[in-house]
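In: Predicted model follows, preceded by the sequence.
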Amino acid sequence: MMKIYLTVDKQLTRGSTIEDGSWICLTAPSPEEVREVAATLDIEPADLQAALDPEESARVSLEDGYTVIIVDVPVPVPDKGEGVYTTIPLGILLTQQTVTTVCAVDTPVLTDFTALRVRDFSTKKKMRFIYQILYRAATMYQLELRLIDRRRQEIEKNLAGSSTRDSDLIELHALESTLVYFATSLRANSTVLDRLTRYKRLEQYPDDMELLDDVIVEIRQAIEMTSIYRDDIKGTRELFSAVLDNRLNNTMKWLASVTLIMAVPTVISGLYGMNVNLAGMPFSQNPFAFGIVCGLILAICVGVAWILHKKHML
């Protein structure tokens, strides 16, 4: 889908044709739309399609007459629950007259601009627009990172409440995988920003440089948050392992204690069941022998259970 926007008198308007100062927003574009934009702006169709490849890495390249900037943005993974994300490329193609964005999904990084939630936004201020996109992407990473940490805390509460499930462990692994993707993408985006500050071909204004500094700060903060939350999830995973091991040890200890108690009647009944001369067996001539033997078994079992309880084995 292709949409064309243009700022006129500080108001964002929809256009039908590409003109100077336009923003061409391509979301999962068709081959016909790619060819149309490429022919109109005199750019390579492959550069437009590069952002549609989920394996494309973040980069900056200076082509003949235009600049290609590709960064990674977070998107939720369908049917994986809250806090599980991956990253996909967002392409920005800058010419002398226009800015073109290409993405495989309708990302909130761009919808914030169409919804007029970004201050001082103008499609004609191309470098500022690009830095604003990068700034929105960095803040979006931070928002998703907070959601991931909140979900980790909820899983930790399940552990404290003795309601640990296999799904919690699987989700914890998915959250950790998400942070790995975030860390890789944020480092790549940081490299793109470093290159943007060095390219003389891209005209830089003082206000734009201030915004670029803000973007760099936000990216670094997101990288630091990712590192901290990865350590937190690693600690939670180790806590899970320790708690599960402790519960298993307690269960085995309890079963061993029960086995020891149950061995008492087994041994005594086994002795009385042996094929030997009854004259040598205690209480063999007593008419109440069965009750006496059962009472002794019960007393011994109670004594063993009391001893095990004192030693915190039962």
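Out: Yep, it's here.

In: Below-threshold pLDDT in the stretch 51-200 of the chain: ranges please.
Out: Using pLDDT under 70 as the threshold, the predicted model of the stretch 51-200 of the chain has low-confidence ranges 160-164, 200.

In: Surely residue 225 and residue 143 touch.
Out: No: proximity of residue 225 to residue 143 does not meet the contact threshold set by C-beta atoms under 8 Å, at 10.5 Å. In this view, the C-beta of every residue, glycine as well, is placed from N, C-alpha and C.

In: so how far is stretch 102-115 off the chain centroid?
Out: The chain centroid and the centroid of stretch 102-115 are separated by 21 Å under C-alpha atoms, centre = their mean, to the nearest Å.

In: any residues touching that stretch, and which ones?
Out: Contacts made with stretch 102-115 from outside it, assessed by C-beta atoms under 8 Å, 6 or more residues apart in numbering, are listed as 3, 5, 12, 23, 25-29, 48-49, 51-52, 54, 73, 75, 88-93, 101, 118, 121, 132-133, 136-137, 140.

In: Buried ones among those residues?
Out: In terms of neighbour count (16 or more other C-beta atoms under 10 Å), the buried residues within those are 5, 12, 23, 25-27, 29, 48-49, 51-52, 73, 75, 88-93, 101, 121, 132-133, 136-137, 140.

In: From the residues you listed, which land in helices?
Out: 48, 49, 132, 133, 136, 137, 140 (DSSP state H).

In: Which one of the residues you listed is nearest to residue 240?
Out: Nearest to residue 240 out of those is residue 140 (C-beta to C-beta; 29.2 Å).

In: what's the spacing between residue 171 and residue 206?
Out: Here the criterion is C-beta to C-beta, to the nearest Å. By it, residue 171 lies 47 Å from residue 206.

In: the more surrounded of the two?
Out: residue 171 (20 against 7; other C-beta atoms under 10 Å).

In: Figure out the helix or strand that the more buried one lives in.
Out: Secondary structure assigned from DSSP states H and E places residue 171 in helix 166-198.

In: which strands and helices sit next to that helix?
Out: Using 3 or more C-beta pairs under 8 Å, 6 or more residues apart in numbering; DSSP states H and E as the contact criterion, the neighbours of helix 166-198 among helices and strands are strand 59-63, strand 66-76, strand 85-94, helix 126-160, helix 206-272.

In: So in that sheet, which strands flank the second one, and in what orientation?
Out: The partner list of strand 66-76 in its sheet, established with DSSP bridges, is strand 59-63 (antiparallel), strand 85-94 (antiparallel).

In: Turn those strands into TSV, columns for distance to residue 273.
Out: Formatted as TSV, the entries for those read as follows, by distance: least, C-beta to C-beta, whole Å:
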stretch	distance to residue 273
strand 59-63	83
strand 85-94	67
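
In: Out of the ones you listed, the one nearest residue 219 is which?
Out: Going by C-beta to C-beta, the one of the strands paired with strand 66-76 nearest residue 219 is strand 85-94, 13.6 Å.

In: got the CA positions of the closest one in CSV?
Out: Taking only C-alpha atoms (Å, rounded to 0.1, in the frame of the first residue of the first chain), the coordinates of strand 85-94 have been written out as CSV:
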residue,chain,number,x,y,z
TYR,A,85,8.9,-9.4,19.9
THR,A,86,11.2,-9.6,16.9
THR,A,87,12.8,-6.9,14.8
ILE,A,88,12.3,-6.1,11.1
PRO,A,89,13.9,-3.6,8.7
LEU,A,90,12.5,-0.1,8.1
GLY,A,91,13.9,1.5,5.0
ILE,A,92,14.3,5.2,4.5
LEU,A,93,15.3,6.5,1.0
LEU,A,94,16.3,10.1,0.9
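
In: Now residue 253: closest residue in space that isn't a chain neighbour?
Out: Once its chain neighbours are removed from consideration, residue 253 has its nearest residue in residue 313; the separation is 5.9 Å (C-beta to C-beta, 6 or more residues apart in numbering).

In: actually residue 181, sorry about that
Out: Counting by C-beta to C-beta, 6+ apart, the residue nearest residue 181 is residue 87, at 5.1 Å.

In: got the contact list for the one you found?
Out: Applying C-beta under 8 Å, 6+ apart, one finds that residue 87 lies in contact with 72, 73, 74, 75, 181, 182, 184, 185.
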